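Novice: Build the 3D model from these lines:
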Amino acid sequence: MAQSEKATFGAGCFWCVEAVFERLPGVQAVVAGYAGGTKANPTYEDVCTGETGHAEVAQITFDPSKIMYEKLLEWFWHAHDPTTLNRQGGDAGTQYRSAIFYRDEKQKKAAEKSMASAQKDFKDQIVTEIQPLTKFYEAENYHQDYFKNHPNA
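Specialist: The predicted structure follows:
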């Protein structure tokens with residue numbers, strides 16, 4: 001079996017992020033969850049308070065021989081508005097912030113380079129956070145595969 005890697009992105013509501021990335025060839029799995037905060041084992045209700053520091057994120061498992069991390073980053077920039085601070089559409093709060101959680105220096109450098117390149121596509125300044133992934137918490141089962149399970153949503 002091919003070696004797989006993981007990417008973790010916050011780009012607003014995790015349902016929408018999951019729906020974009022799970023359609024890409026080379027993506028093996030997308031899991032909705034929480035990252036970037038201080039509360040251990042947060043629930044959706046905890047994260048919605050905006051007091052945990054966590055963002056709603058999608059953890060993407062991918063085959064780098066079929067899709068590179070850099071290509072996932074390109075999709076990330078176009079899947080949401082990275083110039084709005086703590087907001088995507090009608091969703092507002094720090095849990096909806098734009099964020100890239102890197103796993104190693106290679107991902108960090110790729111994210112920084114990608115952000116610098118993506119800036120030319122946006123009139124306003126990109127406000128995306130790039131920070132190390134310290135811990136990923138999987139969201140509750142009812143958040144997983146949301147659009148597959150609710151095609152009319």
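Novice: Could you point out the helix or strand that follows the helix or strand containing residue 56?
Specialist: For residue 56, the element it lies in under DSSP states H and E is strand 55-62. Next helix or strand after strand 55-62 toward the C-terminus (DSSP H and E): helix 69-79.
Novice: Buried residues, that next one. List them.
Specialist: 69, 71-73, 75-77, 79 (16 or more other C-beta atoms under 10 Å). C-beta here means a position set from N, CA and C on the backbone, and glycine is covered the same way.
Novice: same question for the helix or strand following it, mean pLDDT?
Specialist: With elements assigned by DSSP H and E, the helix or strand that comes after helix 69-79 is strand 87-88. Mean pLDDT, strand 87-88: 92.
Novice: Give the residue spans of the protein that score low on pLDDT.
Specialist: 1-2, 142, 145-153 (pLDDT under 70).
Novice: contacts for the top helix by length along the chain?
Specialist: With secondary structure taken from DSSP state H, the chain has its longest helix at helix 105-118. For helix 105-118, contacts defined as C-beta atoms under 8 Å, 6 or more residues apart in numbering pick out 7, 69-70, 73-74, 76-77, 82, 100, 102, 126, 128, 130, 132.
Novice: farthest-separated two in the buried residues of helix 69-79?
Specialist: 69 and 79 (15.0 Å; C-beta to C-beta).
Novice: Include distance to residue 89 when you put the contacts of helix 105-118 into JSON lines, please.
Specialist: Formatted as JSON lines, the contacts of helix 105-118 follow (distance: C-beta to C-beta, whole Å):
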{"residue": "7", "distance to residue 89": "22"}
{"residue": "69", "distance to residue 89": "26"}
{"residue": "70", "distance to residue 89": "26"}
{"residue": "73", "distance to residue 89": "21"}
{"residue": "74", "distance to residue 89": "21"}
{"residue": "76", "distance to residue 89": "16"}
{"residue": "77", "distance to residue 89": "16"}
{"residue": "82", "distance to residue 89": "13"}
{"residue": "100", "distance to residue 89": "20"}
{"residue": "102", "distance to residue 89": "26"}
{"residue": "126", "distance to residue 89": "17"}
{"residue": "128", "distance to residue 89": "16"}
{"residue": "130", "distance to residue 89": "22"}
{"residue": "132", "distance to residue 89": "28"}
